[in-house]
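Colleague: starting from these lines, generate the structure:
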Amino acid sequence: MSYLYPDKELVGYVLIKNIRVQNANAISSPITYGFPAITGFTGAIHALSRKISAIPELEKISLDGVLISCYECQPQIYREASYKEYTFNQTRNPILRSGKTASIIEEGRCHLRVSLVIGIYAEDDLEPEEQDCLLKTINIKVQQQRLAGGSVIGLDRFKPVTFVKDSEIKELTQSLLPAFILMNAQQELTDITQQLRKSNPEASALDALIATATLHHTPIDNGNGTSSWQTQSVKQGKGWLVPIPIGFQAISECYESGMMQNVRNPEYPSQYVESIYGLGKWVFPHRIDNLADALWYQHHDDANNLYLVTQNKGN
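Modeller: Presented below is the predicted three-dimensional model:
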C-alpha cells in the first residue's frame, strides 16, 4: 500500500525514459538551487495520476512514488569572468496592455534530461490490455503537462514508456544507466553531525548540512621554503552529497478555502509553511540493491503539521 492509496496494492512500475525538460525550476528552496525540488516531481506524478484515473478504462489505477534519475542538469547561469559570481539568465516579459515595460520577475531555470520510475497501484494485477492503455496514456499525458515547472519537449525515441511487474524492478537498472539516482542520505547526515560534535559538542544537524556545502582551504608547508594549498570537506569519502529540501513545516493554522489571498488555488484550504532541509546523495544505479527503495513518496504528518517527501512508502 502507499500513504495516498492505502486500499490498493503495488502491482508494478512504469519507466518513463529520457524525459527532456526545458526551463525547469532551478530554485528548489530559499537557500538551495540547481536540481529542482523533489516535490516538483512527486507533484507532477500526483497530477498525472488524477488525469489517468479520469479515464474510464483506467479509473481503478493510481500512481504514487517516483524514482528520480538524472543524466543532465544545465542551470541557465552566466558570469562575466572566472572570479565573479554566477547569476541566473533572466527573460524579458511582454509589454503590458498600457504599452509600459513589464517588470522582471527573477527566476532560476535549468534544462534537464531525466528518467522516472513510477509505482502503479491497483486492486488487482493489470491485464495486458490495461497495461497497453496505461502506457499509451502516460506517453501522451506526461508530454502535456509541466514537470518541475518546466516544459516536456520529448521522450526516448525508441522505448519511451515501459511497464514491469513489482518483482521485476531490478530489470530497469540497465535502462537507467548512465544516470545518477537521488537517494536520502539521512545516515550520512547523522555521521557528519557526530563528527562535528567531537570538536564542537553543540554542533547541530544544521551545522552538518552547512558543512557539506563548505570547502576548507588549508595552507601546507612543503618544508623547502614553499607552501601549497589543500582543500578539504567533511563529505570526502562519503559520496556525492547535496543539501536538499525534503518538505515543509506548517507555521500557521490551516485556513479554509478562499480565506488566504494570492494563493495558487483558492479552492483548497491553505496555510503558511517553511522549508525543511535534509541531505541527499546521487548514487549510481548499480550501487542500489533494490530500486524500489529509491522511490520518493509524499507524506502528511497531521499530528506534527509536516508535509514531507520520504523514501519509506509506508508498508
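Colleague: now residue 165: how far from residue 67?
Modeller: According to CB to CB, to the nearest Å, residue 165 and residue 67 sit 16 Å apart. C-beta coordinates here come from the backbone N, C-alpha and C atoms, glycine included.
Colleague: three-state assignment of residue 170?
Modeller: At residue 170 the chain is in helix, as set by DSSP: H, G, I helix; E, B strand; the rest coil.
Colleague: give the contact list for it.
Modeller: 290, 291 (CB atoms under 8 Å, 6 or more residues apart in numbering).
Colleague: then residue 96?
Modeller: Contacts for residue 96 were tallied using CB under 8 Å, 6+ apart; they are residue 102.
Colleague: phi and psi next, for residue 92.
Modeller: Dihedral pair for residue 92: phi -90, psi 120, per degrees, to the nearest 10.
Colleague: what about it, how many neighbours?
Modeller: Using other CB atoms under 10 Å, residue 92 has 8 neighbouring residues.
Colleague: is it true that it touches residue 105?
Modeller: No - the criterion here is CB atoms under 8 Å, and residue 92 misses it with residue 105 at 10.7 Å.
Colleague: follow-up on the earlier one: which of residue 165 and residue 67 has more neighbours?
Modeller: Each of residue 165 and residue 67 has its neighbours counted (other CB under 10 Å); residue 67 has more, 27 against 15.
Colleague: once you drop chain neighbours, what's closest to the more buried one?
Modeller: residue 117 (3.8 Å; CB to CB, 6 or more residues apart in numbering).
Colleague: and the helices in the chain?
Modeller: With DSSP state H as the criterion, the chain has helices at 39-53, 128-141, 173-176, 186-197, 205-212.
Colleague: which neighbours do residue 92 and residue 105 share?
Modeller: With the criterion set as CB under 8 Å, 6+ apart, the contacts of residue 92 and residue 105 do not overlap.
Colleague: sorry, back to before: if I look at the residue nearest to residue 67, how far off is residue 101?
Modeller: Residue 117 is 45 Å from residue 101, by CB to CB.
Colleague: now do the contacts for the closest residue in space to residue 234 that isn't next to it in sequence.
Modeller: In space, and not counting its chain neighbours, residue 234 is closest to residue 211: 4.6 Å by CB to CB, 6+ apart. By CB under 8 Å, 6+ apart, the contact set of residue 211 is 192, 196, 233, 234, 235.
Colleague: same deal with residue 47?
Modeller: By CB under 8 Å, 6+ apart, the contact list for residue 47 reads residue 145.
Colleague: tell me how far it lies from residue 114.
Modeller: When distance is defined by CB to CB, residue 47 is 17 Å away from residue 114.
Colleague: and if you look at residue 70?
Modeller: 5 Å.
Colleague: give me the common contacts of those two.
Modeller: residue 179.
Colleague: neighbour count: those two, which is higher?
Modeller: Taking neighbours as other CB under 10 Å, residue 70 and residue 114 compare with residue 114 leading, 24 against 16.
Colleague: on that earlier part again, buried deepest among the helices of the chain, which one?
Modeller: helix 39-53 (a mean of 19; mean count of other CB atoms under 10 Å).
Colleague: now residue 189: closest residue in space that isn't a chain neighbour?
Modeller: residue 279 (4.0 Å).
Colleague: could you find the closest non-adjacent residue to the most centrally placed residue in the chain?
Modeller: With distances taken as CA atoms, centre = their mean, the residue of the chain nearest its centroid is residue 38 (2.1 Å). Closest residue in space to residue 38, ignoring its immediate chain neighbours: residue 309 at 4.7 Å, by CB to CB, 6+ apart.
Colleague: can you pull out the strands in the stretch 51-200 of the chain?
Modeller: Using DSSP state E, counting those that start in this stretch, the strands of the stretch 51-200 of the chain run over 62-75, 77-78, 87-88, 109-122, 146-147, 150-154, 161-165, 180-184.
Colleague: tell me which of the ones you listed sits nearest to residue 248.
Modeller: Nearest to residue 248 among those is strand 180-184; the distance by CB to CB comes to 16.6 Å.
Colleague: contacts for the closest one?
Modeller: Residues outside strand 180-184 that contact it (CB under 8 Å, 6+ apart): 35, 38, 67-70, 240, 244, 246, 278-285, 288, 291, 294, 296, 310-311.
Colleague: of those residues, keep whichever come out buried.
Modeller: 35, 38, 67-70, 244, 246, 278-285, 288, 291, 294, 296, 310-311 (16 or more other CB atoms under 10 Å).
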